[in-house]
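*Asks:* model this:
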Amino acid sequence: MRILFQLLFTMSLFFSGCNASENQQNKFVQVENGHFVLEGKDYAFIGANYWQGMNLGAPQSGDRARLMRELDQMQAAGINNLRILAASEADAEMKYCIHPALQSGPGEYNNDLWLGLDFLLSEMAKRDMKAVMVMGNFWTWSGGFPQYVKWAEGSDIPFPQDEPNTWDQFQKYSANFYLSEKAQEMLKSHIRTLITRTNTTSGISYKNDPTIMAWQLANEPRGFHQKKEFAKWTRKTSAFIKSLDANHLVSLGTEGNTSSHHAGVNVREDNDDPNVDYLTMHIWIQNWSWFKPGDSPETYSNALKKVDAYWSDHIQAAKELNKPLVFEEFGVARDSLSYQASSSTKARDQYFDYVMSKALKSIEQGENLRGLNFWSYSGEGRPPRPGEFWKIGDTFVGDPPHELQGWYGIYDQDTSTLSVIKHYSDQIVTCTK
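*Replies:* A predicted model of the protein is given here:
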């Protein structure tokens, strides 16, 4: 009898352990049949790009009180998914870049920023927010590939903002990352350090933290003139992440097909990888010269036709791959192309209403598009010199340091824009219950 009792007790522990494991797994965002699933229910969202969260959360160099207020502001607007930096690299010579950075040299970490990222994630958890953790960057504003190439080669970065350098010249330099084993090992080392880190605030290891929705290889990685090497890098890096962490999703962070014909990306081919869980697309109607505030209604109408075509191409790719799609970057300048926080946002509000209504319709119809992250939330931050580049010591806003400050960021006072966001977020919540 005693042996039988012990056997039954052991079996009960085993099955309760299985249930506990299943319940824990349900807290992570998962993919089922081309959709996101969370705790057994359809998961769709309206989110924001909030790359500066790690810096604001730093106990010494940041502003934790502002961070918590801004998280509350976004939560009130129905924003529950944040695309954030989980990496930044900058030596003393790095320009058009965030300072302080998480790494000032290969493996030389700023503990203040590690604590900032820990704090950010713990505060997001309190508000039931999910994080997309961006681990690299094709552009200079967080260091990214150009900084790694410089560290590996000892070469000079041809910043495109500095004449006579060109954007093509810069992209060629950044794409050299795919040719440099040394540069790739530097990023690989950071990825390992990041995923295996334990949060000092919550005590939860990153790879076991359901606050994190996904690891993202980089912000807008492009193959440019190294398409084959680019594909080789994305595949081996995605596999490496999965070998470290079976809980979280992985995405590439590409623009999709982008408007550039020589960017070296293809949404269908790039995401056809079993270790990549969902697709991303970015649409920049102003950067791509489709429309800017003040243009004629006809120009705006033509821009929307291009948006629709781009959207349909990416929906089709996601459908063919049976994976979710996230529209993770879009934005429009303030009216009259003003960088002043006091300027109106009628064109922006009109465009946000259009794309968010498309997203809602897609979600309601069960299509593969399951979320969107606008660019970006500035909250209480205001640029000290609107329309100029960020300088060390300036407050952080949603516009990254390599772009003119006050361009796309949404402020806490932009009530009309926040009302549009809240309206569609509420409807998305309703249709996924």
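*Asks:* is the residue nearest in space to the middle of the chain in a bridge, and if so with what?
*Replies:* In the chain, the C-alpha nearest the mean C-alpha coordinate belongs to residue 83, at 3.4 Å (Cα atoms, centre = their mean). With DSSP bridges as the criterion, residue 83 is bridged to residue 49, residue 132.
*Asks:* pLDDT value on it, please?
*Replies:* pLDDT recorded at residue 83 is 98.
*Asks:* and the one 4 residues further on, by the same measure?
*Replies:* Reported pLDDT at residue 87 in the predicted model: 98.
*Asks:* tell me the secondary structure for it?
*Replies:* Under DSSP: H, G, I helix; E, B strand; the rest coil, the three-state class of residue 87 is coil.
*Asks:* measure it to residue 99 for me?
*Replies:* Taking Cβ to Cβ, to the nearest Å as the measure, residue 87 falls 14 Å from residue 99. (C-beta placed from N, C-alpha, C; glycine too.)
*Asks:* please say which of those two ends up with more neighbours.
*Replies:* residue 87 (25 against 19; other Cβ atoms under 10 Å).
*Asks:* does that one touch residue 142 like I think?
*Replies:* Yes - proximity of residue 87 to residue 142 meets the contact threshold set by Cβ atoms under 8 Å, at 6.8 Å.
*Asks:* quick one, what contacts residue 28?
*Replies:* By Cβ atoms under 8 Å, 6 or more residues apart in numbering, the contact set of residue 28 is 38, 210, 213, 247-248.
*Asks:* quick check: which element contains it?
*Replies:* Per DSSP states H and E: residue 28 is located in neither a helix nor a strand.
*Asks:* how close does the residue nearest to the centre of the chain get to residue 34?
*Replies:* Residue 83 sits 21 Å away from residue 34, going by Cβ to Cβ.
*Asks:* residue 171 versus residue 78, what's the distance?
*Replies:* Taking Cβ to Cβ as the measure, residue 78 falls 36 Å from residue 171.
*Asks:* more neighbours: which of those two?
*Replies:* Taking other Cβ under 10 Å, residue 78 and residue 171 do not tie; residue 171 has more neighbours (24 against 19).
*Asks:* the more buried one belongs to a helix?
*Replies:* Yes - Residue 171: assigned to a helix according to three-state DSSP.
*Asks:* pull the contacting residues for it.
*Replies:* Per Cβ under 8 Å, 6+ apart, neighbours of residue 171: 138, 222, 224.
*Asks:* now the residues you listed as a markdown table including pLDDT?
*Replies:* Shown next, in a markdown table, are the contacts of residue 171 (pLDDT from 0 to 100):
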| residue | pLDDT |
| --- | --- |
| 138 | 98 |
| 222 | 97 |
| 224 | 94 |
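*Asks:* among those, which one lies nearest to residue 426?
*Replies:* Residue 426 lies nearest to residue 138 out of the contacts of residue 171, by Cβ to Cβ, at 34.8 Å.
*Asks:* gap between the closest one and residue 360?
*Replies:* Counting by Cβ to Cβ, the gap from residue 138 to residue 360 is 30 Å.
*Asks:* pLDDT value on residue 283, please?
*Replies:* 98.
*Asks:* could you number the chain from 803 rather than 1 from now on?
*Replies:* Renumbered: residue one is now 803, and that last one reads residue 1085.
*Asks:* quick one: the closest residue to it other than its chain neighbours from residue 1075, how far?
*Replies:* Closest residue to residue 1085 apart from its sequence neighbours, by Cβ to Cβ, 6 or more residues apart in numbering: residue 1132 at 5.1 Å. Separation of residue 1132 from residue 1075 (Cβ to Cβ) stands at 25 Å.
*Asks:* more crowded one of these two?
*Replies:* Ranked by neighbour count (other Cβ under 10 Å), residue 1132 and residue 1075 place residue 1132 first, with 22 against 17.
*Asks:* isn't residue 858 right next to residue 864, touching?
*Replies:* Yes - using Cβ under 8 Å, residue 858 is in contact with residue 864, at 4.7 Å.
*Asks:* assign a three-state SS to the residue nearest to residue 1077 when sequence neighbours are not counted, would you?
*Replies:* Take residue 1077 and drop its neighbours on the chain: the residue closest to it by Cβ to Cβ, 6+ apart is residue 1040, 3.7 Å away. Counting by three-state DSSP, the backbone at residue 1040 sits in helix.
*Asks:* neighbours of residue 1040, just the number please.
*Replies:* Applying other Cβ under 10 Å, we find 21 residues neighbouring residue 1040.
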